[in-house]
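Student: Sequence below, structure please.
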Amino acid sequence: MSVLQPIEPVLGGVVDPDDLVGRRDELRRLERAVAHGGAYLVGDRRMGKTSVLRKARRELEASGHVVLYVSAETDTLRKFEDAVAEAIRAHPVLGPSWRTWRRSFEGEVTLGFLGQSLRLQGAASRGADPERDVFVLCARAAERAGAPSFVLIVDEVAQLAFHLAAQEPGAGAEFLRTLRRLRQAERPRTAIVLAGSVGLHHAVAEKDPLNDLPRIEIGPLPPAEADELAQRLLLAVFGDPHPEVASRIARAVAGIPYYIHSLVGTLDQRGADVASADVDGLVDQSLDENTWDTDHYYDRIAKYYPGEEALVVAVLDELSHREAATRDELAATLRNQFFEDPPGVAAVGEVLNRMRLDNYLTYADGDYRLETALLGRIWTRLRRRRG
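Tutor: As a prediction, this is how the structure comes out:
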């Protein structure tokens, strides 16, 4: 057995790629998917999707790929456009190309969405007819540099789709189709990696823009890897891996990396006696004080389920008090709660499917369950506090 190496807790941020525990299978699948055009990473918040993407970026760059990583987790489309421009200008391969592209224009050159693509905007120099699609230009620059491919990584793509849809109905789906055409072109070779937690299916009703991308699920760490992460964090903070405490921490938060980091960091800040630490008490306190922003599970319902809020809340209430239920069982229970206007079985099934896509529920063998035991704990305490 290899000797454990300590890892310092990261509170509220992205871990260093060298400190990523586990995820080897997901990274191998992602590497294979890039060779065939890309992938779509999905998973709830706090699972570590961004950390996986950062690790993948490093490994892809080490293999010679030109990788452009941008996050759409911004509150305006303009900020995303500016972030792409800055990422290109700072890139060792794409930055010099940006300066070359500018020579075909007069005056200021910016990035902006126009039609179906992100384009260079500015007045072309006299006699010039420059290519304006910025991702096509990036792919050509990567090809000239001898890279195996240009890899575009867009984190939190659902947020981008919402911004585009707000600007023009259907624009999010059209942009995703543009990316599909780019990755399906024979030359220059391009791969697209998209990542998101919730909301894409609300902004993009059609499935076809993503139907050729394999989905890679980023969920909780398996028990052995969750224990390893907790032990390595405890080793860094307290000089001992405390295996029994590490296991309690990992189980209390269902193996979700963000919360494991946070719990160990909290023990460090409080100078707690690790051996007798009240892990469950710390979890409950964090939930009751919304330290981890777990209230978002409730707050986002109005955004994604307008007019169906009461139905979604009722489903979560029911499943937080029972291990599992079928669609028909839930429909029968809800019929008694909504006696004036009870939802039909088909309507309940449709909502359940969207809740599964939004990482509230899992589905197997005819049964729906909350995605994790921690979510049941979150929901129960949240409802007790907020009603």
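Student: use CA for all of it now, contacts and neighbours both
Tutor: Will do.
Student: these two touch, right, Tyr368 and Ser320?
Tutor: No - using Cα atoms under 8 Å, Tyr368 makes no contact with Ser320, being 11.3 Å away.
Student: now Ala191, what's its secondary structure?
Tutor: strand (DSSP: H, G, I helix; E, B strand; the rest coil).
Student: measure it to Leu114 for me?
Tutor: Ala191 sits 22 Å away from Leu114 when distances are taken as Cα to Cα, to the nearest Å.
Student: quick one, which of those two is more surrounded?
Tutor: Neighbours per residue (other Cα atoms under 10 Å) separate Ala191 from Leu114, with Ala191 holding more: 26 against 13.
Student: where's Ala195, which helix or strand?
Tutor: strand 190-196 (DSSP states H and E).
Student: how is the chain carved up into domains?
Tutor: Taking automatic domain parsing as the domain assignment, the ranges for the chain are 23-217, 223-288, 304-386.
Student: Can you add mean pLDDT and distance to Val14 and give those back as JSON lines?
Tutor: Putting the domains of the chain into JSON lines (pLDDT from 0 to 100; distance: least, Cα to Cα, whole Å) gives the following:
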{"stretch": "domain 23-217", "mean pLDDT": "85", "distance to Val14": "6"}
{"stretch": "domain 223-288", "mean pLDDT": "92", "distance to Val14": "9"}
{"stretch": "domain 304-386", "mean pLDDT": "90", "distance to Val14": "21"}
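Student: if I pick the most centrally placed residue in the chain, what's in contact with it?
Tutor: The centroid of the chain falls nearest to Gly196 when counting by Cα atoms, centre = their mean (3.5 Å). By Cα atoms under 8 Å, 6 or more residues apart in numbering, Gly196 lies in contact with Leu41, Val42, Gly43, Asp155, Glu156, Val157, Ala158.
Student: Just name the closest of these to Lys303, please.
Tutor: Ala158 (13.0 Å; Cα to Cα).
Student: number of nearby residues for that closest one?
Tutor: Neighbourhood size, Ala158 [other Cα under 10 Å]: 24.
Student: Relative to Val42, how far out is it?
Tutor: Remark: distance between Ala158 and Val42 (Cα to Cα) = 11 Å.
Student: Could you list which residues are in contact with the closest residue to Ala145 other than its chain neighbours?
Tutor: Distance criterion Cα to Cα, 6 or more residues apart in numbering; nearest residue to Ala145, sequence neighbours excluded, is Val93 at 7.5 Å. Val93 makes contact with Val66, Ala141, Ala142, Ala145, according to Cα under 8 Å, 6+ apart.
Student: which ones are touching the first one?
Tutor: Residues counted as contacts of Val66 (Cα under 8 Å, 6+ apart) are Leu60, Val93, Ala142, Ala147, Ser149, Phe150, Val151.
Student: Surely Leu267 is in contact with Val274?
Tutor: Yes - under the criterion of Cα under 8 Å, Leu267 makes contact with Val274 at 7.3 Å.
Student: Quick one: the strands in the stretch 51-200 of the chain, in order.
Tutor: 66-71, 105-114, 117-124, 150-155, 190-196 (DSSP state E, counting those that start in this stretch).
Student: rewinding a little: would you turn the domains of the chain into TSV with distance to Asp16?
Tutor: Formatted as TSV, the domains of the chain follow (distance: least, Cα to Cα, whole Å):
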stretch	distance to Asp16
domain 23-217	7
domain 223-288	13
domain 304-386	25
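Student: Ile7: which of those is closest?
Tutor: domain 223-288 (5.0 Å).
Student: Now for Ala158 and Val42: what residues contact both?
Tutor: Residues touching both Ala158 and Val42 (Cα under 8 Å, 6+ apart) are Gly196, Ser197.
Student: possible to save the strands of the stretch 51-200 of the chain as TSV with distance to Leu361?
Tutor: Below are the strands of the stretch 51-200 of the chain laid out as TSV (distance: least, Cα to Cα, whole Å):
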stretch	distance to Leu361
strand 66-71	26
strand 105-114	35
strand 117-124	34
strand 150-155	22
strand 190-196	16
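Student: Noted, bye for now.
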